[in-house]
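In: Based on what follows, work out the 3D shape:
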Amino acid sequence: MEDFFAYSENFIDHTRVIQDNIQKMEFTSGERKKQLFRETDREIVECESILSKMEDFKRRYPEETMTFRPKIRSHSQELNELKKQLKKVNFDGNSGLLSANNDNLELWNEKQRYDILGAYDTQKKTDKRIDHSIDIAKETEEMAKDTLDLLEGQGRQLKNANDNLDYIDENMSRSNKIMRQMYYKVLSNKILLILFICVELVAILIIVYFKWIKDLFN
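Out: Okay, the predicted model is just below:
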């Protein structure tokens, strides 16, 4: 965190130098103006380097993105505005688009070099963003693969659990069938026992009748 804000303070220091140089260039010409342009060009390159470091810092600490992003956006807008001011002060309407004298030709060459450096720096930033996106895509692919393996394992567990449930259901059906058979057997035994007792009672009654009761009536 402290390094990031140190970069920010350093950026502000360089932009102050750029602003001072642009103001001086409005009232100078010739060799002094070229010297100020080169100094300002170096300061702009340094600012772009600092912004690149701040972007790297943001990528290393994604949890602080909401804190870092507004600061980076503000600095980037400020730098773009200073670039426009620098172009305007070197190629204003007072001297036309490009004059034929050597001073303006050298300034034009300096501007071309500055534009090329800016385009190169932009390309480097784009390449870094692409590399970062590729890294994120690879990490996402690995996470998706791990998730797929996990789901596959859970699917096998569910299949095994379902097979176990089928086995339990089969055992329960077999147990229920055995219990019913035992119930019917016990019930039939009870019925046979009751019938046997009834037969014995009838036999006893017949014996009693013929042995004692019949004689009484005779």
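In: what about the helices in the chain?
Out: Along the chain, the stretches classed as helices by DSSP state H are 2-25, 30-60, 65-90, 102-208, 214-217.
In: want to try TSV for the ones you listed, with mean neighbour count as columns?
Out: For glycine as for every other residue, the C-beta is placed from the backbone atoms N, C-alpha and C. Formatted as TSV, the helices of the chain follow (neighbours: other Cβ atoms under 10 Å):
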stretch	mean neighbour count
helix 2-25	16
helix 30-60	17
helix 65-90	15
helix 102-208	11
helix 214-217	8
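In: Need those in TSV (columns: mean pLDDT).
Out: What follows is the helices of the chain, written out as TSV (pLDDT from 0 to 100):
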stretch	mean pLDDT
helix 2-25	88
helix 30-60	86
helix 65-90	86
helix 102-208	80
helix 214-217	64
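In: Tell me the spacing between Met179 and Gly155.
Out: Going from Met179 to Gly155 by Cβ to Cβ, to the nearest Å gives 36 Å.
In: Please apply the same query to Arg129.
Out: From Arg129 over to Gly155 (counting by Cβ to Cβ), the distance is 38 Å.
In: Kindly report the same for Lys58.
Out: 40 Å.
In: cool, Glu39 as well?
Out: Using Cβ to Cβ, we find Glu39 at a distance of 67 Å from Gly155.
In: cool, and Asn176?
Out: 31 Å.
In: And for Lys124?
Out: 46 Å.
In: Report the central residue of this protein.
Out: Thr140 (7.6 Å; Cα atoms, centre = their mean).
In: Report the contact partners of that residue.
Out: Shown in contact with Thr140 (Cβ atoms under 8 Å, 6 or more residues apart in numbering): no residues.
In: Can we start the residue count at 414 from this point?
Out: Sure, I'll start numbering at 414, so the last one becomes Thr553.
In: That one and Lys541, how far apart?
Out: In terms of Cβ to Cβ, Thr553 sits 19 Å off from Lys541.
In: now do Val502
Out: Distance of Val502 to Lys541, given as Cβ to Cβ: 31 Å.
In: my read: Lys538 touches Met467, true?
Out: No - using Cβ atoms under 8 Å, Lys538 makes no contact with Met467, being 11.4 Å away.
In: residue contacts, His427?
Out: By Cβ under 8 Å, 6+ apart, His427 lies in contact with Glu456, Glu459, Cys460, Ile463.
In: Please tell me I have it right and the last one contacts Glu422.
Out: No - under the contact definition of Cβ under 8 Å, Ile463 does not touch Glu422, with a separation of 10.0 Å.
In: In space, what's closest to Gln498 - neighbours in sequence excluded?
Out: Ile435 (5.2 Å; Cβ to Cβ, 6 or more residues apart in numbering).
In: what do you get for Leu495?
Out: Excluding the flanking residues, the one nearest Leu495 by Cβ to Cβ, 6+ apart is Ile431, at 5.1 Å.
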